[in-house]
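K.L.:
everything below, folded, please.
(one chain, ligands or ions: 1)
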Amino acid sequence: MKKLVAYFSPTGTTKHIAEIISQTAGADIFEIIPEIPYTSEDLEWTDKKSRSSMEMSDKKSRPAIKERISNMEEYGIIFLGFPIWWHIAPTIINTFLESYDFSGKTIVLFATSGGSGMGKALDYLKPSCDGSVKWEAGKVIRSTSDKAEIAAWIKEI
Ligand SMILES: Cc1cc2nc3c(=O)[nH]c(=O)nc-3n(C[C@H](O)[C@H](O)[C@H](O)COP(=O)(O)O)c2cc1C
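P.N.:
Down below sits the predicted model:
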């Protein structure tokens, strides 16, 4: 079964880690690009009325994704990466999970953050998939992590 790295990264930090995982694990790579890109104003977490603040305060928000993966059935393991937003995954990750059938597949979460851990990210993502998905608790990866560190983590899984 093929491996896939799918990631969302409006400011590029998670993208860098996703590329290392893809190279290290020999996985295909897919960027989750929003239909409407996030501007720096959208990402302003100190503004309660910014797009990201509004979306994250409405757990039912499902920002649209620009493109679909046509061959998801070929993948057995999906490394799913995102920035931590308000201690969880951005709701566009729920959009992604609700866009495909992940039955029987393994999903390994990874994230970058300004310092916090995975928090309750998994709890908020699980309901977007059916019960047969095998979740790997995953890891917040420091943006300065090198290939060797990431390779060691992948080996552990
Ligand atoms: C709306 C928003 C909320 C965030 N919330 C958190 C948080 O709760 N904890 C944290 O450590 N970092 C938080 N951050 C920082 C990001 O997780 C961090 O900068 C991340 O590496 C960005 O990844 P990217 O470059 O792939 O977008 C937040 C950033 C944004 C834009």
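K.L.:
what is the longest helix anywhere in the chain packed up against?
P.N.:
In the chain, taking DSSP state H as the definition, the longest helix is helix 13-25. Packing contacts for helix 13-25, counted by 3 or more Cβ pairs under 8 Å, 6 or more residues apart in numbering; DSSP states H and E, involve strand 2-7, strand 28-31, strand 75-83, strand 106-112, helix 147-156. C-beta: built from backbone N, CA, C; applies to glycine.
K.L.:
hmm, the helix or strand that comes right after the shortest one in reach of the ligand?
P.N.:
Next helix or strand after strand 28-31 toward the C-terminus (DSSP states H and E): helix 51-57. Yes. Applying Cβ under 6 Å from any ligand atom, one finds helix 51-57 touching the ligand at Ser52.
K.L.:
now do helix 51-57: distance to the chain's middle.
P.N.:
Put simply, helix 51-57 sits 17 Å off its chain's centre (Cα atoms, centre = their mean, to the nearest Å).
K.L.:
now it: mean pLDDT?
P.N.:
Averaged across helix 51-57, the pLDDT comes to 98.
K.L.:
all set now, cheers.
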